[in-house]
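let's see this in three dimensions:
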Amino acid sequence: MDSKKVFAVTSLTDDLVVEILSRVPFKSFCRFKCVCKAWLAFSSDP
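Predicted coordinates for the structure are as follows:
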């Protein structure tokens, strides 16, 4: 039986999330911020 690891977005550091999301095209980012409250917070934080 294969054991699968579950990777949670919450385990990423804030700096890493900012780095990842800064590379996403704006139109896609507007859709992605609906996925997670943390990503919505990053989009609102100046």
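
so residue 43 is in contact with residue 33, correct?
Yes: judged on Cβ atoms under 8 Å, residue 43 makes contact with residue 33 at a distance of 4.5 Å. (Each C-beta comes from the backbone N, C-alpha and C, glycine too.)

looking at those two, which is more packed in?
Taking neighbours as other Cβ atoms under 10 Å, residue 43 and residue 33 compare with residue 33 leading, 18 against 13.

for the more buried one, phi and psi?
phi -70, psi -10 (degrees, to the nearest 10).

give the contact list for it.
39, 40, 42, 43 (Cβ atoms under 8 Å, 6 or more residues apart in numbering).

now the residues you listed as JSON lines including secondary structure and pLDDT?
Formatted as JSON lines, the contacts of residue 33 follow (DSSP: H, G, I helix; E, B strand; the rest coil; pLDDT from 0 to 100):
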{"residue": "39", "secondary structure": "helix", "pLDDT": "73"}
{"residue": "40", "secondary structure": "helix", "pLDDT": "77"}
{"residue": "42", "secondary structure": "helix", "pLDDT": "73"}
{"residue": "43", "secondary structure": "helix", "pLDDT": "73"}
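
worst-scoring helix or strand of this structure, pLDDT-wise?
In the chain, no helix or strand scores lower on mean pLDDT, DSSP states H and E than helix 37-44, which sits at a mean of 75.

and it, how far out from the chain middle?
8 Å (Cα atoms, centre = their mean, to the nearest Å).

for that helix, which positions count as buried?
39, 42 (16 or more other Cβ atoms under 10 Å).

how far out from the middle of the chain is stretch 17-37?
Distance, stretch centre to chain centre, for stretch 17-37: 6 Å (Cα atoms, centre = their mean).

and for stretch 31-46?
With Cα atoms, centre = their mean, you get 8 Å for stretch 31-46.
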